[in-house]
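Engineer: Below are the sequence and a predicted model for it; my questions follow.
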Amino acid sequence: MRLDKYLSDAGVLTRTESARAAKNGQITVNGVVTRRSSGHIDPTKDIICYNGQKIIYREFTYIMLNKPEGYVSATDDKLSPTVLTLLPDELQRIGLFPCGRLDKNTLGLMILTNNGPLAHKLLSPKNHVDKKYRFETKFPVSDEDVKNLEGGVDIGGYMTAPCRVEMTGEREGYITLTEGKYHQIKLMAIAVHNQITYLERVTFGEVVLDTNLARGEWRYLTEGEQASLEKRASKIPAESLEKHKGPQN
Ligand code: URA
């Protein structure tokens, strides 16, 4: 593989920057300075350093972000900052996108990746990946409301799939969905004559929001977290995926 492609896939340098860095003698391959960024390297064997720092190569990148309020889950937006802008520059140019969307005022666990097929499989309605949210409501939620929400409610002509609701107070609790329609939880609350006042995603499949991350902070997924997503995605063959726009979150 070309050295400049390796460095750009790793989110370290663009191809133009690689050419400049190589000319300046900032790149070594197995300890030897290379002046040609178009040269070939073997990512499985060669050790590449930039300014003396060993590069960790990733074919795909997986990020956990603790989404703050006010950011949109998109790669670009004319009006509001996107979640991508919370990442350092080098991670903004490797094709990362949010794996499912959260509303602008929803907080918490957001996974970003540049592995399109994996994200597509995880978000497929056929995959039923559990997503757990902590919520607060304006009015108390009765046992009857919980029963209705769990059984499925009509949100504008769509009956929601069965879900789990665990109340931790009369106006707060957790809801776990296996689907992700647009504004689903807010619309479900409206269906039982209530209103969501706080919403935070805490899990996505087996991945749990890292409580060490402050709002707006990110980290790479661990190998275990990544493996759990890959395992989940592998349950669904690519050819069975629908071509049309998938679910929201
Ligand atoms: N349901 C919502 O209403 N909003 C979100 O951001 C996620 C789920």
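Structural biologist: Looks like it came in fine. Numbering: from 1, shown residues only.

Engineer: which intervals of this structure have sub-threshold pLDDT?
Structural biologist: 236-249 (pLDDT under 70).

Engineer: how about 50 then?
Structural biologist: Along the chain, segments meeting pLDDT under 50 span 244-247.

Engineer: Pull up the residues of it that are close to the ligand.
Structural biologist: L102, D103, T106, H183, Q184, I185, K186, L199, N249 (CB under 6 Å from any ligand atom). In this view, the C-beta of every residue, glycine as well, is placed from N, C-alpha and C.

Engineer: Check the burial of the third one by counting its neighbours.
Structural biologist: By that I understand T106. Neighbours of T106 under the rule other CB atoms under 10 Å: 23.

Engineer: now do the second one
Structural biologist: The burial metric for D103, expressed as a neighbour count using other CB under 10 Å, is 19.

Engineer: my read is it is in a strand, agree?
Structural biologist: No: counting by DSSP: H, G, I helix; E, B strand; the rest coil, D103 is not part of a strand but coil.

Engineer: top helix in the protein by residue count?
Structural biologist: In the chain, taking DSSP state H as the definition, the longest helix is helix 223-233.

Engineer: hey, C-alpha coordinates of that helix in PDB?
Structural biologist: Extracted in PDB, the C-alpha atoms of helix 223-233 (Å, rounded to 0.1, in the frame of the first residue of the first chain):
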ATOM      1  CA  GLU A 223     -11.200  -3.800  20.700                       C
ATOM      2  CA  GLY A 224     -13.900  -5.500  22.700                       C
ATOM      3  CA  GLU A 225     -16.500  -2.800  21.900                       C
ATOM      4  CA  GLN A 226     -15.500  -2.900  18.300                       C
ATOM      5  CA  ALA A 227     -15.700  -6.700  18.200                       C
ATOM      6  CA  SER A 228     -19.200  -6.600  19.700                       C
ATOM      7  CA  LEU A 229     -20.400  -4.300  16.900                       C
ATOM      8  CA  GLU A 230     -18.800  -6.400  14.300                       C
ATOM      9  CA  LYS A 231     -20.300  -9.600  15.700                       C
ATOM     10  CA  ARG A 232     -23.700  -7.900  15.800                       C
ATOM     11  CA  ALA A 233     -23.400  -6.700  12.200                       C
END
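
Engineer: Can you give the distance of that helix from its chain's centre?
Structural biologist: How far helix 223-233 lies from its chain's middle: 13 Å, per CA atoms, centre = their mean, to the nearest Å.

Engineer: Which strands or helices does the host helix or strand of A189 pack on?
Structural biologist: Using DSSP states H and E, A189 sits within helix 184-191. With contacts taken as 3 or more CB pairs under 8 Å, 6 or more residues apart in numbering; DSSP states H and E, helix 184-191 sits against strand 131-137, helix 143-151, strand 172-177, strand 196-204.
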